[in-house]
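1. Got a predicted model here, sequence first, then my questions.
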Amino acid sequence: MSTGIETRGSGDLPVPPPVAVPEAPSDAAPGDAGSAAAAVADAVDLARGLHAALSDVLLGTPEAVTTAVVAALSGSHLLIEDVPGVGKTVLARALATALGAELSRVQGHPDLLPSDITGVTVFSPDTATWEFRPGPVFAHVVLLDEMNRTPPRTQSALLESMEEQQVSVDGESWPLPRPHLVIGTQNPVGQVGTYPLAESQLDRFGLSTSIGYPDAEVETRLVLHSGGRYALDSLAPVADTARWERAIAATAHVRVVHEVAAYAVTLVRATRATGSVRLGASPRAAISMLRSAQAHAVLAGRPYVTPGDVQAVAVACLSHRLLVEGGEGGAAALVGRIIADTPVPTT
C-alpha cells in the first residue's frame, strides 16, 4: 500500500480515460454537464503539461514535482523544506513560469518587517491623501525564500493573506489577486539563524515536500546544464492565470463520494488520538487533504477521487502539521503507519 505521493516521470503519466462527470442536477441546464466535462478535461491537460514542464527543469525529483502540481491545481500553498542548494527556488520559479503567472520573491532575513511583505500606507503630498502601496504579497505566485529566517512577527503578516486572500492595513482590507499561491522555502530547523514556523503558519500550508540531493547521474546532468536554472531559462508557459483559475475551479468539482470523504476524515482524526502526537491535524487539514486528493485525481486523468488519491497526498498534507514526540521516522512515518492501520473503504 502506498503511503506517499505517487511518483511518475513526465513521460510516464497514464493516458487519461475519456473524462466524464457526475450527472448534472435535475434543475441544471442541458449544457452544464458537457461544460463541466470540458472543464475537467482542460484541467487534466493543464496538469499533464505542467508536470512535464517542471520535470524538465527539476531533474530526478518526481515526488516534489507531483506535489507542486497538486498544490497548483488545488489552490493550496506549498512549503518546501530542505538544505540549501538543492533547487527549492528553482522549483518555485519554474512553477510560476509554467503557469504564466507573475512571481514575487521575498528573501527572508531577520530585519524583514511585516510591511515589507504586505505593503504600507503613505501620505501623498500631491493629493493630500493617504495612499496604500501594495507589497510583494500582491502577486499570483509569492515566493518567500528562507522564510524561517524571518522573525515571528514578520511571519504572522502572512496569516491573513494565506487564509482569507486579503491584506488589512490601517483598518482597510485589500483583496489579493486570484489565483494566489504562496510558496515558502525553509532550511531545516536547527541551522544557524532560523526561527521555527508557528503552528498556525504551518497549518496554512496545504502541502509540504522536500527535494533532497540528486543521485550521481542527475547531478552530472545538472552540471552539464541539462536542468536546473539553465533549463528554466528556456521554459515556456503552458497556461495563463485565467486558465489556471478555471482549472482550480474544475478540480474543486471532481466527484468525491461520502465514503472517501469519511476515510480522509478518519486519517486526520487518527493523528489526534496517537499518544506520541502533541498536536494533531486540524479540520483545515482534512479540507486541504480532500482538495489535494481531487487535484491528484485530475493529474491521474480521473473525474472522481479514490481512496488511493487520499493515501497519495496524506503525507504531504499532514506531516508538516504534526508535532510528534519521539517515535521512529518522525511525522511522515507516523502518517504512513496510520494509513496502514486504517481500513480502506470500497467504493
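-> Perfect, I can see it now.

2. Apart from its chain neighbours, what residue comes closest to residue 183?
-> Nearest in space to residue 183, with sequence neighbours left out and distances taken as CB to CB, 6 or more residues apart in numbering, is residue 92 at 4.4 Å. Every residue, glycine included, has its C-beta placed from N, CA and C.

3. which SS class is the one you found?
-> Secondary structure, DSSP: H, G, I helix; E, B strand; the rest coil: residue 92 is helix.

4. Tell me who's in contact with it.
-> 80, 103, 141, 143, 145, 183, 185 (CB atoms under 8 Å, 6 or more residues apart in numbering).

5. in the sheet, who's paired with the second one?
-> Taking DSSP bridges, one obtains residue 141 as the residues bridged to residue 103.

6. ok, it touching residue 94?
-> No - using CB atoms under 8 Å, residue 103 is not in contact with residue 94; the gap is 9.9 Å.

7. Distance from the chain centre to the helix or strand where residue 334 lies, please.
-> Assigning secondary structure by DSSP states H and E places residue 334 in helix 330-341. Centroid displacement of helix 330-341 relative to its chain, using CA atoms, centre = their mean, to the nearest Å, is 21 Å.

8. Repeat that for stretch 259-266.
-> 21 Å.

9. cool, and stretch 168-185?
-> With CA atoms, centre = their mean, you get 16 Å for stretch 168-185.

10. Same question for stretch 153-160.
-> Offset of stretch 153-160 from its chain centre (CA atoms, centre = their mean): 18 Å.

11. and if you look at stretch 174-192?
-> 10 Å.

12. Stretch 245-252 too?
-> The answer for stretch 245-252 is 14 Å, by CA atoms, centre = their mean.

13. Mind listing what's buried along it?
-> Residues of stretch 245-252 classed as buried: 245-248, 250-251 (neighbour count, 16 or more other CB atoms under 10 Å).

14. Could you point out the bridge partners of residue 134 in the sheet?
-> Beta-bridge partners, per DSSP bridges, of residue 134: residue 119.

15. wait, isn't it in contact with residue 119?
-> Yes - counting by CB under 8 Å, residue 134 does reach residue 119; the two are 4.4 Å apart.

16. out of these two, which sits in the more crowded spot?
-> Using other CB atoms under 10 Å as the criterion, residue 134 and residue 119 rank with residue 119 on top: 19 against 16.

17. circling back to that earlier point, residues in contact with both of residue 134 and residue 119, list them for me.
-> Common neighbours of residue 134 and residue 119 (CB under 8 Å, 6+ apart) are 167, 174.

18. give me the number of residues near the closest residue to residue 227 other than its chain neighbours?
-> Of all residues beyond its chain neighbours, the one nearest residue 227 is residue 59 (4.0 Å), with distances taken as CB to CB, 6+ apart. By other CB under 10 Å, 20 other residues sit near residue 59.

19. Could you give the secondary structure assignment for residue 59?
-> Recorded secondary structure, residue 59: coil (three-state DSSP).

20. Can I get stretch 119-136 in CSV, CA atoms only?
-> Provided in CSV are the C-alpha atoms of stretch 119-136 (Å, rounded to 0.1, in the frame of the first residue of the first chain):
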residue,chain,number,x,y,z
GLY,A,119,2.6,46.9,1.9
VAL,A,120,2.3,50.3,3.7
THR,A,121,0.1,53.4,3.7
VAL,A,122,1.9,56.6,2.9
PHE,A,123,0.9,60.2,2.7
SER,A,124,0.9,61.7,-0.8
PRO,A,125,1.6,65.5,-0.8
ASP,A,126,0.2,65.7,-4.4
THR,A,127,-3.3,64.6,-3.5
ALA,A,128,-3.1,65.4,0.3
THR,A,129,-4.4,61.8,1.0
TRP,A,130,-3.1,58.6,2.4
GLU,A,131,-2.4,56.0,-0.3
PHE,A,132,-1.8,52.3,0.0
ARG,A,133,1.3,50.9,-1.7
PRO,A,134,0.9,47.2,-2.1
GLY,A,135,3.8,44.9,-1.0
PRO,A,136,5.2,41.9,-2.8
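
21. Return the set of buried residues in that stretch.
-> 119, 134-136.

22. will you turn these into a markdown table that also has distance to residue 44 and pLDDT?
-> A markdown table is the format used below for the buried residues of stretch 119-136 (distance: CB to CB, whole Å; pLDDT from 0 to 100):
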| residue | distance to residue 44 | pLDDT |
| --- | --- | --- |
| 119 | 37 | 93 |
| 134 | 34 | 94 |
| 135 | 35 | 94 |
| 136 | 32 | 95 |
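
23. Contacts only, for the nearest residue to residue 169 once chain neighbours are set aside.
-> Leaving aside its sequence neighbours, residue 169 sits nearest to residue 121 (CB to CB, 6+ apart; 5.7 Å). By CB under 8 Å, 6+ apart, the residues touching residue 121 are 130-133, 169-170.

24. Same check on residue 213?
-> 86, 219.

25. tell me the mean pLDDT over stretch 285-302?
-> Averaged over stretch 285-302, pLDDT sits at 97.

26. centre of the chain versus that stretch, how much separation?
-> 11 Å.

27. Turn the buried residues of stretch 245-252 into a markdown table, columns for distance to residue 294.
-> Formatted as a markdown table, the buried residues of stretch 245-252 follow (distance: CB to CB, whole Å):
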| residue | distance to residue 294 |
| --- | --- |
| 245 | 16 |
| 246 | 15 |
| 247 | 11 |
| 248 | 10 |
| 250 | 10 |
| 251 | 5 |
